[in-house]
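# Provided below for reference: sequence and predicted model.
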Amino acid sequence: MFMDRFLAETPSIDYMNSHIQEKVCELKNQSADDADYIKRCYFFVRDEIPHSWDIGVSTVSRTASDTLMNKTGICWAKSCLLAALLRANGIPSGISYQLLTIAEDDSQGHIVHALNTVFNGDKWIRLDARGNTGEDDAEFSLDKDQLAFQVREEFGEIDYKDNNADLDERLVNALAQTDNLFEINIDFDF
């Protein structure tokens with residue numbers, strides 16, 4: 001069945017990990033219903049798990065459980081954590097991508113940004129738990145996309161508006177091949 005893959009545990013979205021399960025229980029016990037649970041998970045990942053580059057931490061979080069235990073991760077890892085928290089509670093979730101510039105223009109090339117898809121009863125929505133800094137302003141909405149970044153096509157940026165059941169293999173490999181986040185290889189076609 002199509003929806004099963006958006007509920008499956010994967011090496012990156014390792015929701016059976018005991019630390020993930022503990023956080024799931026904590027958030028579930030605070031939640032009135034599924035919509036409230038989704039919101040609590042979103043704000044937990046967005047606001048309590050800082051983006052590694054924002055805080056200058058070289059630690060590499062490769063999986064959802066790494067991200068929770070390290071209390072930091074880049075958007076790729078944070079999207080795995082949000083997906084894990086949701087899937088562990090039976091809420092289908094996936095990962096979507098944007099291709100964004102590294103600088104304010106395309107002079108330094110592009111990087112892949114990951115965010116989440118969530119099935120909210122009758123439709124898929126996208127949530128971006130990257131973390132708000134400066135002009136990045138992702139908000140929670142079960143009705144419409146309110147993402148951190150608006151794509152600027154004039155600089156070659158792309159919003160793929162896709163829905164993937166797992167973290168892209170190229171991103172998994174990039175994380176696996178570095179021990180220092182500031183040395184990660186992001187030079188690949190996406």
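Here it is on my side, so go on. Numbers count the residues shown, from 1 in each chain.
# I'd guessed residue 68 sits against residue 18; true?
No - with contact defined as C-beta atoms under 8 Å, residue 68 does not reach residue 18; the gap is 10.5 Å. All C-beta spots, glycine's among them, are computed from the backbone N, C-alpha and C.
# higher neighbour count, those two?
Ranked by neighbour count (other C-beta atoms under 10 Å), residue 68 and residue 18 place residue 68 first, with 26 against 8.
# which residues touch the more buried one?
Neighbouring residues of residue 68 by C-beta atoms under 8 Å, 6 or more residues apart in numbering: 17, 19-20, 23, 49, 81.
# where do the helices of this structure begin and end?
Assigned by DSSP state H, the helices in the chain fall at 18-30, 34-43, 52-55, 64-70, 75-87, 169-176.
# next up, the contacts around the residue nearest the centre of the chain.
Centroid-nearest residue in the chain: residue 79, 1.5 Å away (criterion: C-alpha atoms, centre = their mean). When contacts are counted by C-beta under 8 Å, 6+ apart, residue 79 touches 95, 114-116, 129, 167.
# quick one: it and residue 103, what's the gap?
23 Å (C-beta to C-beta, to the nearest Å).
# least confident secondary structure element in the protein?
Lowest on mean pLDDT, DSSP states H and E among the helices and strands of the chain sits helix 52-55, with a mean of 94.
# can you list the buried residues in it?
Neighbour counts over helix 52-55 (16 or more other C-beta atoms under 10 Å) mark residue 52 as buried.
# ditto for stretch 83-90
Under the neighbour-count criterion of 16+ other C-beta under 10 Å, stretch 83-90 has 83-89 buried.
# what's around residue 161, how many residues?
Neighbours of residue 161 (other C-beta under 10 Å): 12.
# repeat that for the one 10 residues further on.
The number of residues packed around residue 171, counting by other C-beta under 10 Å, is 26.
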